[in-house]
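> Give the three-dimensional model of this entry:
(2 chains)
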Amino acid sequence: MRELAKSAFSYTWAMSLFSVQQAANMLALSNCRQPGHKANAAFFSVKQAAETQFDDLVFAAYEVGDELQRGLTNLLFDTATLQALRPNYISALTTAAVDQSQDSLSTFSSTERARLALQTLRNNYEVFNLVKHVSSLLHVPSEGSEFNLAQLIRDAYALGQYPDLWAVEGLGHLYALTFWNKGRPIRGILTNVSSDVLPAKALTMMHAGLGLAFAQQLMNTITPFSAPEEIRAVLHEFVSLVDDNSRPGYEGAAYESLGLVTRFWHSQMVGVVEKHMQEIAPHVLGYFWHGVGRSLYFLPLFFVPGLFSPWLAIEREAPHTLALLNMTAGLAWATTIVNVRQPELMENFLRIRGERVARNPGFTNGLMSTLIMGIDITPGDVYILRFLEYQPQSSDPHVRELWNTLVAQPAKEAVYKIHPVLQQQERLGEVFQYQPSLAELAARLERQNG
Amino acid sequence: MRELTKSMTSYTWAMSLFGFQQMINAFHPAKAAESFNKVTRATEAEFGDALKATFRAGDNLQKGLVDVTFGVFTLGMFDRSGARGTADVARQTGEALRQGGRVISQTVDAISKTVQTGTAVVTGAAQQTAQQAAGWAAVPRREPSPAPSPQPGTSAPASSAPKGWGPMPKQGSQ
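Numbering: from 1, shown residues only, chains lettered A, B, ... in the order given. Predicted coordinates:
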């Protein structure tokens, strides 16, 4: 209690002085080209420190509130600078509001649809819990104890089809952290392990987990206000760590996690990371945007179906075509695999948004990629096989047509034709970014390697 | 300005939720104290030297006072080691008072430093504005060289700061 009192008084004292410091920072004219830079940076650092102390629910409340206040601030400034009075601005704003209202109304327009929305929410919550509690589910030993990877992978698979995927990703994350905590240099985490310990089927999501660990640790060391050379050094370290610890052909799975971590926990850094990554490692950009798209599915703002649509957010957030295609593929990836056990959820999605996603090839690409990854990590996955054979319940021929062209045919091609090639060529990391044609990619790889 | 507004609102929202989070954490005092400490450390890292000194002095003072208060309220002086407890309280009070004196002098220092800094910044900015108006905007701040002083309104060689203009402010040095 005494320590708590001291800490509380220290905190209060620090906060009082912080306002003095910020007043000085705002008045300082030391950097006329970037007014308020120092004050912004200080606000960011303290806010980030507070953010790391939040529980899940408080973090969710923070994220939702923060996204809303940013949107409102933009609107306020646009109105003050008369930009909001331009016809195209008003038109875009109205369209966004109408789209969002339509989306929400469609989601809850009937009892059946509300039931499906509730099922989606249940799936999201289940996955959230699986990811959060993977350590206790698998009885992962505490720091310093021996990490028996072979046994833990067997335990992850013993959780059954569907949970195994998330458990293996979580295991990759925890396994990489044991190396991180031992200190540098970190090399060969997934390359120096025999196939007896690390079966080929676990490789994709183990790499995804490895990337997640590196990205989380490194992204905590920079802010949007860090010096450009500092940001570049951190991104360079991320790319080097992935290259030094991944198996050839699987790096993409690890690169992709950078986008997920950046958008989920450091949303203000997305543009900054993209800008510097273009100079350091442009080949990582596609994976990065794919991860950004995947993270949208799990963001608290979009967690409850029907409130805000991540599909509309993509159209607002994507700065260019590469980002749009990859973000769409990433979001389709998450939407498909989280709801793979209930194909009727995908059918319902097509009923609501099918027309719109049909115009973006990223959707089908993401769906194919996630099924390739899913069938690779759980060979013979009963849920995926059922998904492939599903017949839409709807009598609407348009919905059936959309199902066939956007889902059924591409999904079968992905699982039965493309996956075996990528598996044989050990290039499954390629599916973690948008590919204009996975079939062509598979054919090219076959040609190259005989 | 737009970014600053967003940062401020974001910060205010985060701090409000942090307060809420700490109310929940109150059932786990150790966790709550640790959370306070982490945010305090992050805040302290943003202080300039003067404020850092002020913070530490005030922090030591309040910690001393908390110890004294808890010493009294937990009746530490009535147990077998009461004499030692009383001596501790007296010592802590003395230390707290000494630190109080230090706080005052450090605060005065801090204020005067801040005022000096502010004055230098404002003066420097005013000079820079005046120089820019006189055609000196392109003058980078480098060591003087023997080049002749340029005429106002012409582009100037790098180092020809003429007498009477005072020192040029260094960008990013405040």
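> okay, and for the chain, where does confidence drop off?
You didn't say which chain, so I picked chain A. Residue ranges of chain A with pLDDT under 70: A:29-35, A:144, A:450.
> My question was about chain B, not that one.
Short version for chain B, where the test is pLDDT under 70: B:75-174.
> Starting from whichever strand or helix holds residue B:14, tell me the next helix or strand along the chain.
Taking DSSP states H and E as the definition, residue B:14 sits inside helix B:2-25. Later in the chain than helix B:2-25, the nearest helix or strand by DSSP H and E is helix B:29-44.
> and stretch A:53-69, which residues are buried?
Going by neighbour count (16 or more other CB atoms under 10 Å in any protein chain shown), the buried part of stretch A:53-69 is A:53-54, A:58-67, A:69. Bear in mind the C-beta positions are built from the backbone N, C-alpha and C, glycine included.
> got the CA coordinates for that stretch in PDB?
Only the C-alpha atoms of stretch A:53-69 are listed here, as PDB (Å, rounded to 0.1, in the frame of the first residue of the first chain):
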ATOM      1  CA  GLN A  53      -0.700  -1.100 -19.300                       C
ATOM      2  CA  PHE A  54      -4.200  -1.600 -20.600                       C
ATOM      3  CA  ASP A  55      -6.200  -4.800 -20.300                       C
ATOM      4  CA  ASP A  56      -7.900  -6.100 -23.400                       C
ATOM      5  CA  LEU A  57     -11.200  -4.400 -22.800                       C
ATOM      6  CA  VAL A  58      -9.600  -1.100 -21.900                       C
ATOM      7  CA  PHE A  59      -7.300  -1.400 -24.900                       C
ATOM      8  CA  ALA A  60     -10.400  -2.100 -27.100                       C
ATOM      9  CA  ALA A  61     -12.100   1.000 -25.700                       C
ATOM     10  CA  TYR A  62      -9.000   3.100 -26.300                       C
ATOM     11  CA  GLU A  63      -8.700   1.900 -29.900                       C
ATOM     12  CA  VAL A  64     -12.300   2.600 -30.700                       C
ATOM     13  CA  GLY A  65     -12.300   6.000 -29.100                       C
ATOM     14  CA  ASP A  66      -9.000   6.900 -30.700                       C
ATOM     15  CA  GLU A  67     -10.100   6.000 -34.200                       C
ATOM     16  CA  LEU A  68     -13.300   8.000 -33.700                       C
ATOM     17  CA  GLN A  69     -11.600  11.100 -32.400                       C
END
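> Are it and chain B in contact anywhere?
Yes - judged by CB under 8 Å from any CB of the partner chain, stretch A:53-69 and chain B are in contact via A:53, A:54, A:55, A:58, A:61, A:62, A:65, A:66, A:69.
> Can you point out the helix or strand that includes the fourth one?
So the one you mean is residue A:58. helix A:56-80.
> Heading C-terminal from that helix, find the next helix or strand.
helix A:87-107.
> Residue in the stretch 251-400 of chain A with the shortest distance to chain B?
residue A:268 (8.8 Å; CB to the nearest CB).
> Output the helix or strand hosting residue A:238 as CSV, restricted to C-alpha atoms.
Here residue A:238 sits within helix A:228-245, counting by DSSP H and E. In CSV, the C-alpha atoms belonging to helix A:228-245 read as follows (Å, rounded to 0.1, in the frame of the first residue of the first chain):
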residue,chain,number,x,y,z
PRO,A,228,14.5,8.5,-39.9
GLU,A,229,17.8,6.7,-39.6
GLU,A,230,16.6,5.1,-36.4
ILE,A,231,13.4,3.9,-38.0
ARG,A,232,15.4,2.6,-41.0
ALA,A,233,17.8,0.8,-38.7
VAL,A,234,15.0,-1.0,-36.8
LEU,A,235,13.3,-2.0,-40.1
HIS,A,236,16.5,-3.2,-41.5
GLU,A,237,17.1,-5.3,-38.3
PHE,A,238,13.6,-6.8,-38.7
VAL,A,239,14.3,-7.9,-42.3
SER,A,240,17.7,-9.2,-41.4
LEU,A,241,16.3,-11.2,-38.4
VAL,A,242,13.7,-12.7,-40.6
ASP,A,243,16.2,-13.6,-43.3
ASP,A,244,18.7,-15.1,-40.8
ASN,A,245,16.1,-17.2,-39.0
